[in-house]
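# One predicted model, sequence on top.
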Amino acid sequence: MSFNHVVVWLDHAEAHVIHFSRDAAERELIKTHSQHANRHAPTGKSGLADPVEQLPYFNDIANALKHSLEVLIVGPGLEKMAFVKHLLRHEHELAEKIVSVETVDHPSDAQLLAFARKYFIKADLLH
């Protein structure tokens with residue numbers, strides 16, 4: 001099935017990608033390749049994984065989003081902004097499809113899908 005909309009929730013360890021329409025959805029879980037994904041940053045560090053280590057992870061997420069027309073990016077911390085910066089540098093066409101970047105804690109996939117549908121309906125973008 002083809003979907004125009006996608007929401008991606010990501011942190012430093014995994015990304016939940018949900019392609020959806022009003023009536024249907026497909027989910028995908030993408031795990032980081034980083035060996036440091038489950039470690040907390042030492043005091044004084046940003047908490048972000050090394051950008052070079054995250055490159056394969058970000059590329060996997062970007063590949064999952066390629067065929068969508070509108071992308072909503074959400075997550076609890078700074079990783080979502082690191083991903084947006086990656087898209088701006090390496091995936092210009094995909095970066096242009098971003099409709100918003102929002103802070104969202106740790107929802108279940110059902111909660112994430114409900115949040116995304118509500119967002120796209122409110123923004124009058126859900127077709």
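Structure's in. What do you need?
# and the lowest-mean-pLDDT helix or strand in the chain, which residues are buried?
Every helix and strand of the chain was ranked by mean pLDDT, DSSP states H and E. The lowest is helix 51-65, at a mean of 91. Residues of helix 51-65 classed as buried: 54, 57, 58, 60, 61, 62, 64, 65 (neighbour count, 16 or more other CB atoms under 10 Å). For every residue, glycine as well, the C-beta is placed using N, CA and C.
# Please enumerate the helices of this structure.
51-65, 79-90, 92-95, 109-122 (DSSP state H).
# thinking again about what came up before, of all the buried residues of helix 51-65, which comes closest to residue 17?
Closest approach to residue 17 among these (CB to CB): residue 64, at 4.7 Å.
# now this protein, which segments are flagged as low pLDDT?
For the chain, the stretches flagged by pLDDT under 70 are 1, 35-51, 125-127.
# cutoff 50 now
For the chain, applying pLDDT under 50 flags the ranges 38-46.
# With distance to residue 15 added, can I get the helices of the chain in TSV?
Listed next are these as TSV, based on distance: least, CB to CB, whole Å:
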stretch	distance to residue 15
helix 51-65	5
helix 79-90	8
helix 92-95	14
helix 109-122	11
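# now for these, which one comes closest to residue 24?
Going by CB to CB, the one of the helices of the chain nearest residue 24 is helix 109-122, 10.4 Å.
# now for the closest one, which elements pack on it?
strand 5-10, strand 14-20, strand 70-75, strand 98-103 (3 or more CB pairs under 8 Å, 6 or more residues apart in numbering; DSSP states H and E).
# again, only this time at 10 Å
strand 5-10, strand 14-20, strand 25-31, strand 70-75, strand 98-103 (3 or more CB pairs under 10 Å, 6 or more residues apart in numbering; DSSP states H and E).
# Lovely, talk soon.
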